[in-house]
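> Need coordinates for the following:
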Amino acid sequence: MIDIKLIRENKELVKENIKKKFQDHKLVIVDEVEELDKKAREVKGQADALRAKRNELSASIGTLMREGKKEEAEGIKQEVVEINEKLTSIEEEETKLNTDIKERMMVIPNIMDDSVPIGKDDSENVENEKFGEPVVPKFEVPYHADIIARLNGIDKESAGRTSGNGFYYLMGDVARIHSAMLSYARDFMINKGFTYCIPPFMIRSDVVTGVMSFEEMDAMMYKIEGEDLFLIGTSEHSMIGKFKGELLKKENLPYTMTSYSPCFRKEVGSHGIEERGVYRVHQFEKQEMIVICEPEDSMDWYNKMWNYTVEFFRSLDIPVRTLECCSGDLADLKVKSCDVEAWSPRQKKYFEVGSCSTLGDAQARRLGIRTKGENGSYYLHTLNNTVLATPRGLIAFLENNVEEDGSIKIPEALRPYMGGVEVVMPKK
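Numbers count the residues shown, from 1 in each chain. Below you'll find the predicted structure:
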């Protein structure tokens, strides 16, 4: 959510930002907020004047009573009663106006960074840089579900019976590789100085609406029936929510945390759920990183964070690239975002394995996350980035480390988490 001062002082900047995101239908909302804000400030002025008058009259009642002017005091009491009745009506109008303003402000996109490329959708995202040589081996790399099957590593049939489409059992060596990657990702970030955390896996609605847009919430989140709780789609949600309503000490900034969680997503829409493989599923696990920092430091942290993900995947012999999200593909709360994509030697193209974003003070403004400076309190900046989301990261690992005989070589960085195993052999 942007600062309403932007609409008061630079409405055209807000409108131009909306146009760059190809959301022209929201232009009228800016005008509506401007008019509602003017009205709300007028009403607030009326309410403040009445409160001041009431306080003045109330103070005089005691004086009149002490002076024995009871009749005059009773007259003023009646005047106070009338003011209270007017004030109740005005306060109701003020509350409604502020609610209407907030509802509209919640759907106005955050102001993008000037460096964000302009484009209508993800087809116009821009490649930034490649890391590692995207090798295509001489043999044909099997589909990831077939690689896993040769290792006796997956059972989707049983998962279909217990849970339905979009779920899976990982088994044996594949499950071990999966867990080893997550443990390595955890230690990788701890060694970067991040504090490890396991957060709640369910959050309340006021946290959900604080960290994401309504459209994202409807498309992603599972609601717990009969309770004000949602299953998290990523641990960023509960990690940022951890600081809700907090006035953080300046000397403790920045907060740098890495968190493990299972994640749950509806995955509705045209992409659907994958029948055989595990690329798009309802349940996965993730190692995340979040940063809460001073506004002037957020872009430096943004660049550090996506670089950490690149370094992590390169240590597992996986070539990657970064892809800058264009304006039309940028979620409304984000200032700037890039995807980290892993090389698929089977498809001979890259696919997304992580995303890094800076959200400016949008989440902090919604959740009330501030610090105090010389000129008073102000909102901090929040950032998030995927270290590893798996089984998608597992797919990238298997495709880039499978041998022609179906065995999987284990890179040196992962061996301590695999009991020293250097190669995993196929079972069939």
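> how about the strand or helix carrying N84: buried residues?
Here N84 sits within helix 70-105, counting by DSSP states H and E. Within helix 70-105, the residues scored as buried using 16 or more other CB atoms under 10 Å are A73, I76, V80, I83, L87, I90, E94, L97, D100, I101, R104, M105. (Glycine included, C-beta is placed from N, CA and C.)
> Go through these and say which is closest to P199.
Among these, M105 lies closest to P199 (CB to CB), at 27.5 Å.
> In this structure Y168 contacts E157, no?
No. The pair Y168 / E157 is not scored as a contact, 9.8 Å apart, by CB atoms under 8 Å.
> With neighbour numbers in mind, choose between the two.
In this view Y168 and E157 are compared by other CB atoms under 10 Å, and Y168 has more residues nearby, 24 against 9.
> dump the residue contacts of the more buried one.
Y168 is in contact with I154, D155, K156, A159, V278, V281, P391, counting by CB atoms under 8 Å, 6 or more residues apart in numbering.
> The same query, at a cut-off of 7 Å, please.
By CB atoms under 7 Å, 6 or more residues apart in numbering, the residues touching Y168 are I154, K156, A159, V278, V281.
> which ones among those are found in strands?
Mapping the contacts of Y168 onto strands (DSSP state E) picks out I154.
> With neighbour count added, can I get the contacts of Y168 in CSV?
Listed next are these as CSV, based on neighbours: other CB atoms under 10 Å:
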residue, neighbour count
I154, 25
K156, 21
A159, 18
V278, 24
V281, 21
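> State the pair within the contacts of Y168 that is farthest apart.
I154 and V281 (11.3 Å).
> Quick one, grab the pLDDT at V335.
According to the prediction, V335 has pLDDT 97.
> cool, R54 as well?
88.
> helices and strands around the one helix or strand it maps to, which ones?
Applying DSSP H and E as the criterion places R54 in helix 27-66. Applying 3 or more CB pairs under 7 Å, 6 or more residues apart in numbering; DSSP states H and E, one finds that helix 27-66 makes contact with helix 4-9, helix 11-20, helix 70-105.
> got those as a markdown table, with mean pLDDT and distance to V136 columns?
As requested, these are arranged in a markdown table below (pLDDT from 0 to 100; distance: least, CB to CB, whole Å):
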| stretch | mean pLDDT | distance to V136 |
| --- | --- | --- |
| helix 4-9 | 95 | 49 |
| helix 11-20 | 97 | 38 |
| helix 70-105 | 90 | 49 |
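> re earlier: between helix 27-66 and the helix holding N84, find me the angle.
In terms of direction (axes from the mean of the first three to the mean of the last three CA atoms, to 10 degrees), helix 70-105 departs from helix 27-66 by 160 degrees.
> Pull out the buried residues from the following helix or strand past helix 70-105.
Sequence-wise, the next helix or strand downstream of helix 70-105 (DSSP H and E) is strand 126-131. Using 16+ other CB under 10 Å as the test for burial, strand 126-131 gives F131.
> Starting from strand 126-131, tell me which strands it pairs with and how they run.
Here strand 126-131 is paired, per DSSP bridges, with strand 320-324 (antiparallel).
> what's the average pLDDT for the strand it pairs with?
If you average the pLDDT over strand 320-324, you get 98.
> Residues in contact with that strand: which ones?
For strand 320-324, contacts defined as CB under 7 Å, 6+ apart pick out 117, 125-132, 306, 310, 313-314, 338-343, 350.
> switch to 8 Å and redo it
By CB under 8 Å, 6+ apart, strand 320-324 touches 116-117, 125-132, 306, 309-310, 313-314, 338-343, 350, 352-353.
> Show the buried residues in those.
Buried by 16+ other CB under 10 Å: 116, 125, 131-132, 306, 309-310, 313, 338-343, 350, 352-353, out of those.
> Show me these that map onto strands.
Per DSSP E, those map to strands at F131, C338, D339, V340, E341, A342, W343, Y350, E352, V353.
> how about those residues in CSV, adding pLDDT and distance to K5?
Converted to CSV, those look like this (pLDDT from 0 to 100; distance: CB to CB, whole Å):
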residue, pLDDT, distance to K5
F131, 98, 41
C338, 98, 29
D339, 97, 32
V340, 98, 35
E341, 98, 38
A342, 98, 42
W343, 97, 45
Y350, 97, 41
E352, 95, 36
V353, 96, 39
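> Max pairwise distance over those residues: which two?
The largest separation in these, counting by CB to CB, is between C338 and W343 at 16.4 Å.
> Correct me if wrong: T309 contacts G393.
No. Using CB under 8 Å, T309 makes no contact with G393, being 10.0 Å away.
> Averaging pLDDT per element, find the lowest-scoring helix or strand in the protein.
Lowest on mean pLDDT, DSSP states H and E among the helices and strands of the chain sits helix 214-220, with a mean of 75.
> Show me where the stretch 101-250 of the chain dips below the pLDDT cut-off.
214 (pLDDT under 70).
> Please tell me how far K348 sits from K39.
59 Å (CB to CB, to the nearest Å).
> scratch that, M65
39 Å.
> now swap in R415 and tell me
66 Å.
> Can you name the residues that contact H25?
H25 makes no contacts at all, as judged by CB under 8 Å, 6+ apart.
> Give the helix, strand or coil label for it.
Classification of H25 using DSSP: H, G, I helix; E, B strand; the rest coil returns helix.
> pLDDT score for it?
Confidence score, pLDDT, at H25: 96.
> same thing with K427?
The predicted local confidence for K427 is 85.
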